[in-house]
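Peer 1: Predicted model and sequence follow; I will ask about them next.
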Amino acid sequence: MQAGEFVAIMGPSGCGKSTVMNLIGCLDTPTSGTYHYQGVPVHTLTRDQRALMRRHHLGFIFQGFHLLARTSAQENVELPLLYRGLGRSERHAAAQAALAQVGLTGWEHHTPSELSGGQQQRVAIARAIVSHPRLLLADEPTGNLDSTRSREIMELLAGFQREHRITVLMVTHEPDMAAYASRVVHFRDGLVERDERQQPVAIATATASPSEAPA
């Protein structure tokens, strides 16, 4: 995988997509072989060293959003910066800027229960990008959304990747979502079956406008 690429991983359930995502995301270690991230032999790192790698280099977006239920959108986005030890005012400013990037200005103090599914995923994206990661890992990021919200989320991800040259690795079952990637890797039975390059679909803007307005 090259820096700045948008890569989609596809394949049937149980083919190894999540395993690859966990290995690249420094959540698991390989039982054999090696994995180097920008020259660092990740397979030799300790648990704490892998945690530092995730904290400073990687961003994660999940199908289930994984937002803290009783905290505001802004507080959810601030969480990675809290782990980094940033001060309160710096965290606030960065979180507000990230929420603005995903079209959620005015929603900073709403809790997840007060947000739609698409808005919750936007918060999750803001949380993933607030620390300016070099690699963004997205595991079925549109799996819980309808087709309109799915397209909005993919416009956001593709826009960030192209504007900021963030490397994006996305697991998806949906060909329509994989169409936003410039490369699609197909897995079967734990092995790469096909590795194809393609012309990604055109996007309207780097940041799609949200369809809801604050209450």
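Peer 2: Nice, thanks for sending it over.

Peer 1: doesn't Ala158 fall inside a helix?
Peer 2: Yes: the assignment for Ala158 (DSSP: H, G, I helix; E, B strand; the rest coil) places it in a helix.

Peer 1: who touches it in this structure?
Peer 2: Listed by Cβ atoms under 8 Å, 6 or more residues apart in numbering, the contact partners of Ala158 are 6, 180, 200-201, 203. Heads up, the C-betas are built off the backbone N, CA and C, glycines and all.

Peer 1: Need those residues in TSV (columns: neighbour count and secondary structure).
Peer 2: Shown next, in TSV, are those (neighbours: other Cβ atoms under 10 Å; DSSP: H, G, I helix; E, B strand; the rest coil):
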residue	neighbour count	secondary structure
Phe6	23	strand
Tyr180	24	coil
Pro200	19	coil
Val201	15	coil
Ile203	17	coil
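
Peer 1: Now render those residues as CSV, adding pLDDT and distance to Gly33.
Peer 2: Listed next are the contacts of Ala158 as CSV, based on pLDDT from 0 to 100; distance: Cβ to Cβ, whole Å:
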residue, pLDDT, distance to Gly33
Phe6, 96, 25
Tyr180, 96, 30
Pro200, 93, 30
Val201, 90, 34
Ile203, 82, 36
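
Peer 1: Spit out the contact partners of Gly117.
Peer 2: When contacts are counted by Cβ under 8 Å, 6+ apart, Gly117 touches 65, 144-146, 149.

Peer 1: Can you tell me how far it is from Thr46?
Peer 2: Remark: distance between Gly117 and Thr46 (Cβ to Cβ, to the nearest Å) = 37 Å.

Peer 1: With Gly143 instead?
Peer 2: Noted for Gly143: a distance of 32 Å to Thr46, by Cβ to Cβ.

Peer 1: which SSE is Val184 in?
Peer 2: strand 183-188 (DSSP states H and E).

Peer 1: what packs against that strand?
Peer 2: On a contact count with 3 or more Cβ pairs under 8 Å, 6 or more residues apart in numbering; DSSP states H and E, strand 183-188 meets strand 6-10, strand 191-197.

Peer 1: among the ones you listed, which is nearest His164?
Peer 2: Nearest of these to His164, taken as Cβ to Cβ: strand 6-10 at 11.8 Å.

Peer 1: Buried residues in the helix or strand following the closest one, which are they?
Peer 2: Using DSSP H and E, the helix or strand that follows strand 6-10 towards the C-terminus is helix 17-24. By 16 or more other Cβ atoms under 10 Å, the buried positions in helix 17-24 come out as 17-18, 20-21, 23-24.

Peer 1: ok now whichever helix or strand comes after helix 17-24, how far from the chain's centre?
Peer 2: Next helix or strand after helix 17-24 toward the C-terminus (DSSP H and E): strand 36-37. Centroid separation between strand 36-37 and its chain, computed with Cα atoms, centre = their mean, to the nearest Å, is 19 Å.
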